[in-house]
Structure formats: structure tokens, C-alpha cells
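Visitor: here is a sequence together with a model predicted from it:
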Amino acid sequence: MMTTPTPFYRALRGRVPVKELRVNTTGAELAALATEFVNVERDAGKQTSLEEVTWEMLLHYVPLIYAESGCMHGEKPQHCETLLNCIGHLLFDGNPETGIAELSAISRPQQICGRVFRNGESTYLCLDCGVDLTCVLCAQCFNNSAHKTHRYRMAASLGSGCCDCGDEEAWTQDAHCSRHKALSDDEKKEVELDPKLKATAVAILGQCLRYCVQTLTWQAEGYSERPEWCSDRKFAVFLYNDEVHSFDEIIRLLTSKTTLGATYDVATKLTTVIDRDGRLPVLVGTKEKCDEMKSNLLAVRLDPLKHDVLVRTFAYDLVVHQLFAISLLTWLQELSLSCSSLQHVMRTILINKPLYARHELEEPDGSEPLLLDQVWSIGNVLWKVSRCEFQSFIMSLMTTDTSQKIGFAEKFMDYYDRIQSQFLADDHEHNMSMASLSVQFFTVPTVAYTLLEEHDAFYTVTSAVVQHLRLAVDKTTDWLHVSTITEFDMSRFSYVIEDIRYLLAHPPLPWTDERREWFMRGFKNIVHIFSWIEGMEGFKRKFNEHVEYEYEWDEGFQLVL
């Protein structure tokens, strides 16, 4: 990683004064400077790639545009669009509008809608045609389909699903609305990008995705306050959301004279921001002041029976990089939806590109994590907004093509146990966890068959159940004591058990010896669980008193159901 200004950044500062760069520079001008610099360096015999320049521009220009904006609550500063526009100019050789329009015109038609639902968005379930209760439509597809004359149920999305219109595996009939027609085999073929545009897209979009993953998942690296490429001149203290402390407790924390000393109305608004976004910048200042504020926040005792609030200090530069990364993810998602060929490029990058190699001149040694591996393995350290953006971006890349969904599903199974362990240890809702993506894979018969037969999914999922239930088994009797599992843990654990039901909802036919083999491996785990359940939570008859309520049976009853 870089710790000093790069040649491009010095050239940029020499050509455009800092003040003018903040106020007057357009995305086209910035892109022209970058392209000119690459050409000059190449003419001088230096191996400077557009990929390197993209990385350096993100690294140095993002703190510049946030320097005086004060946009710490997720708002975009005025010149955030300048940098996004610059990336578009670099990608399409100075004509982003024309380039996107031309690619959209030749892109493969979209058979599956795949619209990713936002929290609170209306969804429609057809009770007559849906294969199961997870098959839903967005409002636009529903109103343009035959399902509006059927029996249906309307609900509000929790922000963790997508529209299944056009997916023939999701409906018994009327799978397509008037906007998403069935495609022929020729129409399903992906349009090949121009080789020059494809090479440029791989370089620039690859760096953009590396930038997003590295900055947003930084706190997973053993929790360090700043990477070496961030300045240590200014820091920010963040108070994180959890599902343990109540609104009133956080308001009391923020109104305390030793912390912010805010009024009740201001504290209420700030608490709403924490609940909505997942974290709140409490103070921006020197390292000493931030450390003092962090100590003061942790010193306020809200409830002795609950764990402390989560407070973290980060370098200010890292924070603004994270804010821009969220905007960049949204921009990349919109770009992918406008062109199926670019969507395929982003999908390939996310699944196959290493996390830390900055440009093609640096060969990965094979031991580095890949981009998608990093997202799967540390999703629990992200805050609400970043979790939602990553989930939405991943779903936008896979939901419009079942064959491509298999690649994501295979990676998901590689990290299944870790993802579920993180969810069980986390306190966010299920729709805020990467574990919620299991429904996107396990409920699609084609994907489920592939995972069952080629990746031993039934055994993997049941092994996760065995691993976590084993903690509640009495070693002397070998019986399960579910009462030792809290109600909160049991409600979360039920999602893992639900995955088994999803996987086995569509048994592959006909049964073969290979299929019986993988089924029996998973079924042995089920029998193991049954052996723990038999005789668990036994009751002794009371002789001397009347027992009006028997509380202990409730948890075991939930597990059996």
C-alpha cells in the first residue's frame, strides 16, 4: 500500500490547483488528466497502467472531496458525482452516456426480473402459482402479469429478497409478465464485449471492487484504527447499532454530560440515525480527544445485565473512503443492471480476483483471499448500510441468470459454516446477515441439485446443526438440554434448521446410488440429533405442590417443530 504521494497525484496537483480541483474540475477533465498521464508514462518507457492510476485517484481524491464537506452521516458531497463520472469517462473512453446506451442496446434481453427489494417495498405472493412461499413479485411485474387476477398475498419486504418474475422454476404457470418474456437459446447467449473495452472494464472495475471490499471490511483485519495509506492527523469515534440496547438507553447515553450532552430531541434524532444506518460518528478530532470520548461512552453504565455498547475509533480518511465506497457500490450496481455484459465482467471479478493485488503486474501467489471470499467470511463486521449494499450488489449480479447463480452458491457453501456461526454470534436481524442469502440458493431446484450432488450440501448444513447443538448436550446423559440455549439463540438457530427444509423441498428424481450416498451422509447427522432429543428435558412428577405452568418444555417443543 502507498504511504507517499504517487507520480500521478503529484502530476495532478501540478496541473490543477487544490482549490480548483474541489470546485471546478469535472469528471471528464479528471479522466482526461489520468489518460494523458498513462500515455506520457508509457511513452517514457514506464509500466504505468490505467488500473494503477484508478487506484491512486481513488486513494487521494476521495479524502480531498470530503475534506470540507462534513458529510459524515452518509450524504454525498457535491463532488462525489465528479469522481463517479470520472470513472465512467475512463471506462468508456470519454463518452459514458453514449457507451452505456450502446451497450444497453445490444445487451442480452432480461428474462428474469431480479429486482432487489428495498426495506418496506411491496411484494406479491401468488397463492395459486407460486412453487413455495418464497416466490414473490415486485409491484410492476405483478401489475403486468396474470397473477393479479389470482389469489394473492401482499407483504412488505424486509430488504433481503428479489423479484422472481421470469424464473420458470419459481412458478407452476404464468411465469412471465408482459415485461419479461421467455427467451430462446440464441437470445440467452451473452454478447461479447469489444476486446479493448473488456480489458479496460476488467482493469477499472476490478480496482473499484477491490477498493470497496478493502475499505468496507478493513475492521476485520484484527481491528486496527487505520491502514497505512490513511493519514493519522484526524480521527472519528463511531457508536454502533445493536439489537440489545433500547432506544431510551442510547438516548440516555447521548444526553449524558460526560459524552455529547445533547438535548433529548437531538439525541432522539441521532439514535434514529444509528438504528437506520448502523453507526453514528460521535466525534471527529485528534486521536487524544477521540480516545477520551470513547472512554466516556464506555464508562456510562446503561444496564449491568447487558454487554457494553460497541464504540470504535477510525482514521478520518478511512471513514470517508468507506462512505465513498458505499456510493461506488450503488453506482456499480446501476451500471451492471444497464448492461448484461458488464454484469458478467463484475461477476467474474468478484468471484475470481484476489483481494490485495493492485494491478495485473502483481501476480497473486494463490494464498490471498478472493474478493467474494472476504465478503462471505467477515460479513458480520459490517454495519447496516454496508451490509445492505453488499447484499444488494451480490443479488443484482446473480438473480437475473440461474446458471450464474450456481457460481455464487458454490462459494457460499465453501463458507456456509462460518457464515452461520457469525450469524448465531451476531445480534442483527436475519435479513441483515449474509446467512439470509441461503434462500436465494436453496429454494432454486437447479441450484439446490448442484449443491446437493457436487458439494455435499445436505451433509454441510446438517453438520452445522450438529456442531451448534452439541454445545447444549449433557456429557453424562448424552441428552440435549435446550433450556441452556437462550430464547434469542433458539430463534436464530431456527433459520439454520429452515435451510434443511429448503434443500429437501425438491428431491432429485430419479434416485441413484450416488444420490442415496450423499443423502445418507446427511441423514446420519439427523439421526444423531434425534438421539440427543430422545429423553431430553425429562420431568419428574411433583408430589407436594401443584405446578400451574411448565416453562421448561417450550424450547424443546420449538426445536422438535
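Guide: Perfect, I can see it now.
Visitor: helices of the stretch 351-500 of the chain, start to end?
Guide: In the stretch 351-500 of the chain, helices defined by DSSP state H, counting those that start in this stretch lie at 371-377, 384-398, 402-414, 416-425, 438-442, 445-454, 457-469, 487-503, listed in chain order.
Visitor: okay, these, which one's buried deepest?
Guide: helix 438-442 (a mean of 23; mean count of other C-beta atoms under 10 Å). Any C-beta I mention is one placed from the backbone N, CA and C, and that applies to glycine too.
Visitor: now for it, which elements pack on it?
Guide: In this structure, helix 438-442 makes packing contacts with helix 402-414, helix 445-454, helix 487-503, judged by 3 or more C-beta pairs under 8 Å, 6 or more residues apart in numbering; DSSP states H and E.
Visitor: Leu280: which of the helices of the stretch 351-500 of the chain is closest?
Guide: Closest approach to Leu280 among the helices of the stretch 351-500 of the chain (C-beta to C-beta): helix 384-398, 11.2 Å.
Visitor: just checking, what packs against the closest one?
Guide: By 3+ C-beta pairs under 8 Å, 6+ apart, helix 384-398 packs against helix 264-277, helix 316-338, helix 340-352, helix 371-377, helix 402-414.
Visitor: tabulate the CA atom coordinates of the second one in PDB.
Guide: Think helix 316-338. Provided in PDB are the C-alpha atoms of helix 316-338 (Å, rounded to 0.1, in the frame of the first residue of the first chain):
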ATOM      1  CA  TYR A 316     -11.000  10.100   9.300                       C
ATOM      2  CA  ASP A 317      -9.600   9.300   5.800                       C
ATOM      3  CA  LEU A 318     -10.700   5.600   6.200                       C
ATOM      4  CA  VAL A 319     -14.200   6.800   7.100                       C
ATOM      5  CA  VAL A 320     -14.600   9.000   4.000                       C
ATOM      6  CA  HIS A 321     -13.200   6.100   1.900                       C
ATOM      7  CA  GLN A 322     -15.900   3.900   3.400                       C
ATOM      8  CA  LEU A 323     -18.600   6.500   2.600                       C
ATOM      9  CA  PHE A 324     -17.500   6.800  -1.000                       C
ATOM     10  CA  ALA A 325     -17.200   3.000  -1.300                       C
ATOM     11  CA  ILE A 326     -20.900   2.700  -0.500                       C
ATOM     12  CA  SER A 327     -21.800   5.300  -3.200                       C
ATOM     13  CA  LEU A 328     -19.500   3.400  -5.600                       C
ATOM     14  CA  LEU A 329     -21.200   0.100  -4.900                       C
ATOM     15  CA  THR A 330     -24.500   1.700  -5.700                       C
ATOM     16  CA  TRP A 331     -23.100   3.100  -8.900                       C
ATOM     17  CA  LEU A 332     -21.600  -0.200  -9.900                       C
ATOM     18  CA  GLN A 333     -25.000  -2.000  -9.300                       C
ATOM     19  CA  GLU A 334     -26.800   0.500 -11.500                       C
ATOM     20  CA  LEU A 335     -24.100   0.000 -14.200                       C
ATOM     21  CA  SER A 336     -24.400  -3.700 -14.100                       C
ATOM     22  CA  LEU A 337     -28.200  -3.600 -14.400                       C
ATOM     23  CA  SER A 338     -27.900  -1.400 -17.600                       C
END
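Visitor: strands along the stretch 151-300 of the chain, start to end?
Guide: For the stretch 151-300 of the chain, the strands defined by DSSP state E, counting those that start in this stretch occupy 152-156, 235-240, 279-285.
Visitor: tell me the most buried of those strands?
Guide: Mean neighbour count (mean count of other C-beta under 10 Å) peaks for strand 235-240 among these, with a mean of 22.
Visitor: could you export that strand as CSV, CA atoms only?
Guide: Extracted in CSV, the C-alpha atoms of strand 235-240 (Å, rounded to 0.1, in the frame of the first residue of the first chain):
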residue,chain,number,x,y,z
PHE,A,235,-9.8,10.5,13.7
ALA,A,236,-13.5,9.7,14.2
VAL,A,237,-15.4,7.9,17.0
PHE,A,238,-18.3,5.8,16.0
LEU,A,239,-21.2,4.4,18.1
TYR,A,240,-22.5,1.2,16.5
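Visitor: so which elements touch it?
Guide: strand 279-285, helix 287-299, strand 311-315, helix 316-338.
Visitor: okay, now the sheet partners of it, with direction.
Guide: Strand pairing for strand 235-240, determined by DSSP bridges: strand 279-285 (antiparallel), strand 311-315 (antiparallel).
Visitor: switch the ones you listed over to JSON lines; also include distance to Ser338 and mean pLDDT.
Guide: Output for the strands paired with strand 235-240, formatted as JSON lines (distance: least, C-beta to C-beta, whole Å; pLDDT from 0 to 100):
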{"stretch": "strand 279-285", "distance to Ser338": "31", "mean pLDDT": "90"}
{"stretch": "strand 311-315", "distance to Ser338": "33", "mean pLDDT": "88"}
